[in-house]
Structure formats: C-alpha cells, structure tokens
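only geometry, no sequence info:
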C-alpha cells in the first residue's frame with residue numbers, strides 16, 4: 001500500500017504560535033481579512049467569530065497531521081453513526097482541550113475584550129435533544145483524547161429540534177435558527193457529494209454468469225453534501241472530525257416553470273429535497289412526518305456508507321478486508337437501515353455474492369441499544385418501506401428468510417421461536433423491527449448499564465441471547481470530565497487540582513484520591529464555598545423570572561420530558577411539600593428546578609410542563625410557603641444551560657421507573673459536580689450507588705423485578721389512591737382545579753393517567769417511598785458539613801463514569817482499534 005504521505009510532494013506552511021503575542025496578531029488578522037471589519041466597527045459577535053477562526057486555524061494544523069498519520073499507519077477507523085450530536089458551545093471547550101485558554105484570554109484582554117462575554121455569543125449547535133446526542137458528543141471527545149481514529153456521522157440540521165418558549169405555562173415550539181449567524185467551526189465540502197435515492201421500483205435481470213441482478217430505478221434523487229467540524233482531544237495533538245450531511249436538490253431550479261410564471265413550482269423540488277435536513281425528529285404523528293423521519297434516517301446512513309467505502313477503496317481493493325479497517329457503531333436503532341444499505345452496496349454495486357457480502361456486513365457493524373420500552377424500539381410499516389425503500393425491503397426479507405431458516409433448523413423443538421425473532425412482525429399490521437435487524441446484522445450488541453444489559457438478556461432480547469450467547473455485552477455509559485467538570489465548573493476543578501493534581505482530567509479514576517479529603521474540614525469548607533458561589537450564579541440567572549435563595553437546597557430535575565422519567569412524581573412531592581408547609585411543618589427550604597423539552601406530538605408530557613408552571617404560580621405566589629419552597633422551570637434546556645445548572649445542584653433527581661432508563665448520563669454529570677442522587681434502582685444509578693457507597697445516595701422505590709411482579713399481579717392504582725390520604729389530597733387538588741382555577745378540568749387527564757388508565761409507570765406505587773426518602777434528604781441537609789462530606793465522596797467515586805473508560809472498552813472489546821500517535 002502506498003500512503004498519502006509517500007505519494008504527495010513536499011508541502012510547507014507557516015506554523016501558528018499559541019503564545020499571547022501570536023494570538024493577538026492572529027486576532028487582528030482574522031478580524032480584518034476574514035470578517036472585513038476593523039476594531040472600531042466590530043461587534044462582540046464579530047469578535048466571537050474572529051476568536052473562533054483563530055482557534056480553528058490552529059485546530060486545522062493538528063487535524064491535517066492527524067489525518068495524514070491515519071493514512072500512513074493504514075489504521076482501522078471507527079465510524080460512529082448517530083442521528084444526534086449534542087456538542088454544546090465549542091470555543092471555550094476547544095481552548096481548554098488545545099491548552100491555550102489563558103493565553104487567549106490575555107490576548108483578548110490586550111484588545112480590551114472579555115473572553116467570557118465573547119464565548120457567551122456562541123449558540124449551541126442544534127444537532128440533538130437529549131442524552132443520546134450528548135453521549136455521542138462525549139464519545140467523540142474521548143476518541144480524540146485517546147488518539148483513536150474515530151469519526152462521527154450525522155445530519156446538519158438547519159433548525160434542530162425546536163427552540164422552547166413558554167407562553168402562559170405551555171410549551172410553544174419555535175424554529176431554532178442556530179445557523180443564523182453562520183457556523184465558524186464547520187468546513188463545507190461541496191466536492192464530497194453523494195446521491196441518495198428514494199421510491200421508484202426494482203427491476204431484475206440476469207448477468208453474464210446467469211446470476212440474478214437487481215436494479216433500483218425510477219427513483220427520486222437527493223444529494224448529500226458534507227460539512228466537517230474538527231474535534232480536538234485534550235492533552236494530545238489528535239484532532240478527529242464530525243461529518244454532517246446536508247440535503248441538496250439534484251436540480252435546484254426548473255427554468256421551464258419559472259418562465260411560465262409558476263415561481264413556486266420552479267423551486268418546489270429543491271424545497272422538498274432539502275426538507276430532509278431541516279429539522280431534527282419531525283413530528284411523526286402524521287403520515288408525512290413518518291415518511292420524512294424514515295427518509296432522514298436513510299439519507300444520512302446512505303451518504304455515510306458511500307463515504308466510508310470511498311475512503312476505504314482509496315488504498316484497498318479487496319472488500320473482504322473492510323471489517324479489518326472499518327468499524328461502524330450504530331448509536332440506537334435510527335441508523336440500523338445501514339445493515340441493509342451496506343448489503344445493497346456490496347451485492348448490487350460491487351456484485352459480491354450474498355454470503356460473502358453478509359459476512360463482511362456482520363463483521364463491520366455493532367449496535368448500541370438504548371431502550372427496553374417496546375414503544376421506543378423503532379418499527380416501520382412494511383407498506384411505508386415498500387413505498388420509500390423498495391430494494392431495502394427485498395434485502396431485509398432475504399436477511400430474514402435466511403436467518404429464520406437457520407433458527408428453525410437449529411431449534412426444531414421451539415416452533416414459535418421463528419415468529420418471536422423475525423424481523424417482520426406479522427401481528428397487528430406488518431412492521432419491520434429495526435432493533436432485530438440491528439441485532440442480527442451486528443457482531444456485537446451492547447447495553448449501556450449493567451442492569452440494562454441484564455434486562456436485555458432476560459426480556460426483549462432473551463431469544464437473541466440464546467441464539468447468539470456472546471453477542472450481547474455491557475458497556476456502561478460515561479461522560480467527558482473535560483466538558484462536565486473541568487470546563488463547566490472551573491472553581492471546583494481548580495479546588496480538586498490544587499489537592500490531587502490535574503491527572504484526573506485525562507484519567508478520572510484519579511478522583512479516588514479525593515476520598516480522604518472528605519474527612520478534611522478545610523476541604524469541606526472549600527467545597528461548600530464553591531457550591532455556594534455556583535448557586536449564587538444560577539440564582540442571578542433565574543432572578544429575572546424568580547427570586548431564589550442560594551441557601552435553599554437546589555433540587556434539580558433536568559431531562560427530556562417523558563412519563564417514564566417521572567417529572568410528574570416530583571410534582572406530586574412538590575404539592576405534598578406545599579401542603580405540609582401550609583399545615584405548619586417546618587421543612588428545609590428548597591428550590592425545585594425543572595428543565596427539559598417535550599416532543600411536539602407528546603400531549604401528556606406537554607400537559608405536565610403546563611402543570612409544573614401552574615403549581616409554580618401558586619407555590620411561588622403564596623406568602624405562607626414562598627420562603628420555604630420555590631419552583632422554577634428553566635426553558636429551552638440545552639448543553640449550555642446544563643453547564644450552568646449542574647454545578648449548582650445539591651440534589652439530583654433520577655427517579656425513572658425501575659427497568660425503563662437504560663443508563664442515564666445526567667446522573668453522572670450531577671454526581672461528578674457534588675450533587676447527591678435521589679433515585680430508583682434503575683440504569684446507572686445502581687452502579688453509581690456501588691461506586692460512591694450506599695450511604696451516600698438516596699434510593700427508593702420498587703426494583704425492576706418488583707415492577708414486573710406488581711404489573712403481573714394486576715396492579716390497581718385506585719387501591720393506593722384510596723389508602724393514602726396525603727396522596728389522595730394531592731391528586732384531588734390537581735384534578736379539581738386548585739392549580740387551574742380558570743379551567744378546573746384542565747389537569748383531570750393527569751389523574752386519569754395515574755388511575756383510570758392504569759398508572760403504567762407506577763408513580764402511585766412509588767409515591768410513599770419517594771416522599772419518605774425525601775424526608776431523609778431533608779434530615780441530612782440540615783447538617784451542611786455532613787452533606788459536604790458525602791458530596792465529596794460522590795465526586796471521589798465517579799472515576800468509573802468517564803466516557804474515556806467507556807470508549808476504551810468499545811475499542812478493546814468491540815471495535816478492535818488502537819491509538820495512532822503522531
């Protein structure tokens with residue numbers, strides 16, 4: 001193999017300095033030559049773009065060197081396919097990772113600019129919604145930090161999911177036009193352009209060897225254009241990248257229609273094509289929304305696989321070597337169509353025989369499962385696939401046919417097994433089970449927490465675990481300490497580094513050295529001072545809407561709004577607390593902070609947001625309780641707002657129904673910043689409890705096994721309603737209009753969900769345990785020094801929950817990739 005380095009002529013360029021003087025000169029050059037401004041006319045936003053360009057050009061040097069080193073080493077590469085990448089702001093994080101944050105601060109100060117105000121002008125990239133996208137971003141950070149050849153592939157959403165506004169307590173969705181001022185981090189690649197086909201029909205023919213060939217014709221074509229964003233590692237010269245696809249029309253303009261005066265029709269095809277990359281998660285409650293969602297998933301997978309094969313074939317001609325040079329990780333079921341697409345490219349495009357193509361495909365893909373809830377395991381109607389991806393439906397049918405033949409041959413004693421594991425669900429309308437396709441077509445499938453993986457093997461994937469005993473493995477999720485402590489909480493980061501050094505930023509297990517300092521009165525005092533400063537900072541941000549006392553306990557519940565995450569259970573406790581204070585009990589002052597978005601079509605979650613605001617209006621406005629209880633909903637929750645909330649949290653609400661949360665990463669971020677967790681034995685809560693010590697976490701509620709047993713026994717929430725007087729009072733207040741005097745029946749549907757409709761997520765079953773656990777929280781908070789001691793032990797125990805550890809496990813146990821140093 002000839003490397004790029006050997007084949008290229010000498011190419012020299014100026015190396016850019018990272019000292020204060022060099023940075024100051026670069027700032028002046030970029031302002032003039034890139035933005036066309038001078039200091040007299042430049043706005044703070046201009047200075048943000050200028051600073052970003054200065055950092056970017058220093059990223060480029062390392063990026064080019066990294067790319068060259070991968071080609072020179074002929075390295076195996078990881079491609080992480082994810083529909084979301086929730087990166088957050090990149091300027092300050094890049095400066096920290098590259099190691100010249102202070103020098104840049106000084107250079108800007110020389111120009112009478114405040115780096116913090118410059119950084120605040122950056123908008124969060126609207127490329128994700130929740131934990132799935134943030135996990136993907138953490139993994140990209142870790143791959144670069146570990147010098148692993150890893151890339152992210154996704155969609156360059158023009159408007160993201162939505163910008164959340166709250167109007168009279170209701171969530172109102174507005175377009176998130178995050179690209180309004182451009183994106184200084186991305187590189188448009190108009191030369192990296194791939195066709196993506198939809199609809200049409202399949203024709204058959206026979207080739208010269210008499211083999212049957214398939215031709216997908218009469219299609220509607222869209223072009224996928226690449227945009228690259230560099231991803232720097234921390235304390236290394238490695239810079240990987242994230243490649244996002246934007247939809248472009250194959251024909252921009254129909255001159256015939258324009259000349260006829262039909263100006264709308266002239267650009268209709270362009271607009272329809274480019275809708276594919278407009279919005280994250282289009283509302284799938286409509287047929288058009290479902291079609292668009294399926295098209296989005298195929299769009300980015302198709303472009304990514306063409307790009308991966310293009311890169312592979314630059315220096316390799318034998319496709320049998322693909323699994324030795326390429327590892328493709330499916331982040332949830334959204335990209336699982338990639339298995340059928342790679343088969344199409346190999347069989348139809350490269351004319352490989354089926355068995356050879358299937359062996360290559362199965363050894364290339366691995367799949368991460370993020371949910372056990374049947375309704376969240378993606379399925380698609382067969383008729384929709386037939387309409388949009390007819391060739392892929394044929395391929396999936398063939399994969400399924402061959403797989404089921406093997407199943408019947410190997411397990412003749414279980415005639416129902418084939419039905420249970422079939423990709424095609426024949427019950428209640430024929431649907432394709434994409435998680436099954438991903439499981440059958442991957443060499444490894446992983447869960448993301450120990451309990452989640454165990455439940456996978458015992459429940460939904462039990463048959464597959466029997467068929468493929470070594471395929472399902474566990475890799476517990478993690479978070480990057482660079483973003484979630486070093487960057488988000490610089491004062492706590494400094495306090496830790498002063499006592500144990502800075503190694504923890506790259507090796508989070510070093511935080512274990514903090515454990516003895518939990519007994520150090522001086523360090524406990526320092527921790528309380530840092531926490532108080534962060535709470536004061538957050539209170540100042542909230543002040544425009546609500547005055548809160550930094551001395552109160554900051555009780556934080558920040559998550560995507562969903563019934564299984566049980567924000568509603570938290571609201572029931574808030575109302576319980578409100579009643580107790582009004583009844584004369586002297587409770588610890590609390591500020592209960594919510595944040596999160598509900599999917600546009602998720603009516604119940606949106607009603608819960610309205611309930612939170614209605615309860616807040618009453619509680620915050622009642623002079624009998626306002627000095628003891630406040631409720632705040634922080635709108636438009638994002639990575640940046642999380643960076644403001646997480647360092648200030650005292651209590652972390654992780655209260656999902658046991659067995660529903662695959663892992664969670666918010667629990668890790670909050671514990672890493674010294675919040676104590678109140679939670680169920682669900683997801684990574686269990687492992688966090690084991691790591692920090694059961695005395696340093698507040699656990700309540702039914703276990704996953706008890707949840708299943710309660711449902712199997714015929715759970716009746718009305719029994720609990722009638723037997724628990726305090727709970728009944730709370731529910732009656734909500735249902736009768738106490739918090740909605742203008743529309744007394746507004747929240748009646750919430751009572752119905754919790755009683756008549758069966759309380760599927762068992763809020764009432766866990767209510768008494770949750771309230772009792774909150775009483776233990778109150779008792780501990782009355783002793784600030786002991787609370788600080790346990791908070792420090794939480795931080796000390798979080799070493800296992802680094803995304804670096806998780807990515808290393810993927811690299812060793814699934815991807816078989818090694819670092820490439822340069």
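Received it, and whenever you're ready, just let me know what you need. None of these values were measured; they are calculated from a predicted model. Residues are numbered from 1 along each chain as shown.

can you show me the strands along the stretch 1-150 of the chain?
With DSSP state E, counting those that start in this stretch as the criterion, the stretch 1-150 of the chain has strands at 77-81, 150-155.

can you list the strands that the first one pairs with?
This means strand 77-81. When pairing is defined by DSSP bridges, strand 77-81 lines up against strand 150-155 (parallel), strand 326-331 (parallel).

any chance of those in TSV, with mean neighbour count and distance to residue 231 too?
In short, each C-beta sits where N, CA and C put it, glycine included. Listed next are these as TSV, based on neighbours: other Cβ atoms under 10 Å; distance: least, Cβ to Cβ, whole Å:
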stretch	mean neighbour count	distance to residue 231
strand 150-155	26	7
strand 326-331	25	15
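
what would those strands look like in JSON lines with distance to residue 780 and mean pLDDT?
Putting the strands paired with strand 77-81 into JSON lines (distance: least, Cβ to Cβ, whole Å; pLDDT from 0 to 100) gives the following:
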{"stretch": "strand 150-155", "distance to residue 780": "41", "mean pLDDT": "97"}
{"stretch": "strand 326-331", "distance to residue 780": "38", "mean pLDDT": "98"}
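
redo the ones you listed as TSV? Include distance to residue 108.
As requested, the strands paired with strand 77-81 are exported to TSV (distance: least, Cβ to Cβ, whole Å):
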stretch	distance to residue 108
strand 150-155	30
strand 326-331	37
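
for the ones you listed, which one sits closest to residue 817?
Closest to residue 817 of these, according to Cβ to Cβ: strand 326-331, at 6.2 Å.

that older thread, make JSON lines out of the strands of the stretch 1-150 of the chain and add distance to residue 422.
What follows is the strands of the stretch 1-150 of the chain, written out as JSON lines (distance: least, Cβ to Cβ, whole Å):
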{"stretch": "strand 77-81", "distance to residue 422": "25"}
{"stretch": "strand 150-155", "distance to residue 422": "29"}
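
quick one: closest of those to residue 733.
For these, proximity to residue 733 was assessed by Cβ to Cβ; strand 150-155 is nearest, at 44.2 Å.

run the chain-centre distance for that closest one.
Averaging C-alpha positions (Cα atoms, centre = their mean, to the nearest Å) puts strand 150-155 13 Å from its chain's average.

repeat for stretch 294-314
With Cα atoms, centre = their mean, you get 21 Å for stretch 294-314.

now do stretch 592-600
That offset, for stretch 592-600, works out to 15 Å (Cα atoms, centre = their mean).

also stretch 672-692?
Distance of stretch 672-692 from its chain centroid, counting by Cα atoms, centre = their mean, is 19 Å.

got the buried residues for that stretch?
Buried residues in stretch 672-692, counted by 16 or more other Cβ atoms under 10 Å: 672-689, 691-692.

one more: stretch 40-51?
42, 46, 47, 48, 49, 50, 51.

show me which of the residues you listed is closest to residue 247.
residue 49 (25.8 Å).

quick one, what contacts the closest one?
34, 35, 181, 182, 184 (Cβ atoms under 8 Å, 6 or more residues apart in numbering).

buried subset of those, written for ChimeraX?
To isolate the buried members of those in ChimeraX, using 16+ other Cβ under 10 Å:
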select :34,35,184
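
ok now the lengthiest helix in the chain, how far from the chain's centre?
For the chain, the longest helix by residue count, based on DSSP state H, is helix 44-73. Remark: helix 44-73 is offset 25 Å from the chain centroid, using Cα atoms, centre = their mean.

name the residues of that helix that are buried.
46-56, 58-59, 62-63, 66-67, 69-71.

do a quick rundown of the strands in the stretch 251-400 of the chain.
Under DSSP E, counting those that start in this stretch, the stretch 251-400 of the chain gives strands at 326-331, 365-368, 379-381.

give the helix, strand or coil label for the residue of the chain most remote from its centre.
For the chain, the largest distance from the centre (Cα atoms, centre = their mean) belongs to residue 208, which lies 48.6 Å off. The three-state label given to residue 208 by DSSP: H, G, I helix; E, B strand; the rest coil is coil.

mind checking pLDDT for it?
Residue-level confidence at residue 208 comes out at 86, pLDDT.

so it versus residue 350, what's the distance?
16 Å (Cβ to Cβ, to the nearest Å).

then residue 150?
Distance, residue 150 to residue 350, by Cβ to Cβ: 25 Å.

quick check: residue 121 vs residue 44, distance?
Distance from residue 121 to residue 44, by Cβ to Cβ: 6 Å.

equivalent analysis for residue 512, please.
Plainly put, residue 512 is 42 Å away from residue 44 if you go by Cβ to Cβ.

which stretches of the stretch 351-500 of the chain have low pLDDT?
Along the stretch 351-500 of the chain, the model assigns pLDDT under 70 to no residue.

where along the stretch 401-550 of the chain do the strands fall?
Taking DSSP E, counting those that start in this stretch as the criterion, the stretch 401-550 of the chain carries its strands at 424-425, 431-433, 444-447, 472-474.

pick the most buried one from the ones you listed.
Neighbour counts (mean count of other Cβ atoms under 10 Å) averaged over each of the strands of the stretch 401-550 of the chain peak at strand 444-447, with a mean of 24.

counting by contacts, list what that one packs against.
If you count contacts as 3 or more Cβ pairs under 8 Å, 6 or more residues apart in numbering; DSSP states H and E, strand 444-447 packs onto strand 365-368, helix 450-458, strand 472-474.

out of these, flag the one nearest residue 552.
helix 450-458 (33.1 Å).

centre of the chain to that closest one, how far?
21 Å.

buried set for that helix?
Across helix 450-458, burial judged by 16+ other Cβ under 10 Å covers 450, 451, 452, 453, 455, 456, 457.

the last one is in contact with residue 465, isn't it?
Yes: here residue 457 lies in contact with residue 465, judged by Cβ atoms under 8 Å, at a distance of 4.4 Å.

quickly list what's touching both of those two.
Common contacts of residue 457 and residue 465 (Cβ under 8 Å, 6+ apart): residue 472.

can you lay out the strands of the stretch 251-400 of the chain as TSV showing distance to residue 337?
Listed next are those as TSV, based on distance: least, Cβ to Cβ, whole Å:
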stretch	distance to residue 337
strand 326-331	10
strand 365-368	11
strand 379-381	9
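
out of the ones you listed, flag the one nearest residue 705.
Closest among the strands of the stretch 251-400 of the chain, using Cβ to Cβ: strand 365-368, at 24.4 Å.

so what touches that closest one?
By Cβ under 8 Å, 6+ apart, the residues outside strand 365-368 that reach it are 327-333, 336, 338-339, 342, 438-439, 441-446, 448, 475, 814-815.

for the strands of the stretch 1-150 of the chain, which one sits closest to residue 613?
When the strands of the stretch 1-150 of the chain are compared (using Cβ to Cβ), the closest one is strand 150-155, at 32.2 Å.

next, the angle from the closest one to helix 44-73.
Between strand 150-155 and helix 44-73, the angle comes out at 130 degrees (axes from the mean of the first three to the mean of the last three Cα atoms, to 10 degrees).

show the subsequent helix or strand relative to strand 150-155.
strand 163-167 (DSSP states H and E).

what lines up beside that next one in the sheet?
strand 170-174 (antiparallel).

okay, now residue 381: neighbour count?
Applying other Cβ atoms under 10 Å, we find 15 residues neighbouring residue 381.

need the nearest residue in space to it, chain neighbours excluded.
Closest residue to residue 381 apart from its sequence neighbours, by Cβ to Cβ, 6 or more residues apart in numbering: residue 431 at 5.6 Å.

which of the three states applies to residue 194?
Put simply, residue 194 is strand when judged by three-state DSSP.

surely it touches residue 222?
No: using Cβ under 8 Å, residue 194 makes no contact with residue 222, being 9.7 Å away.
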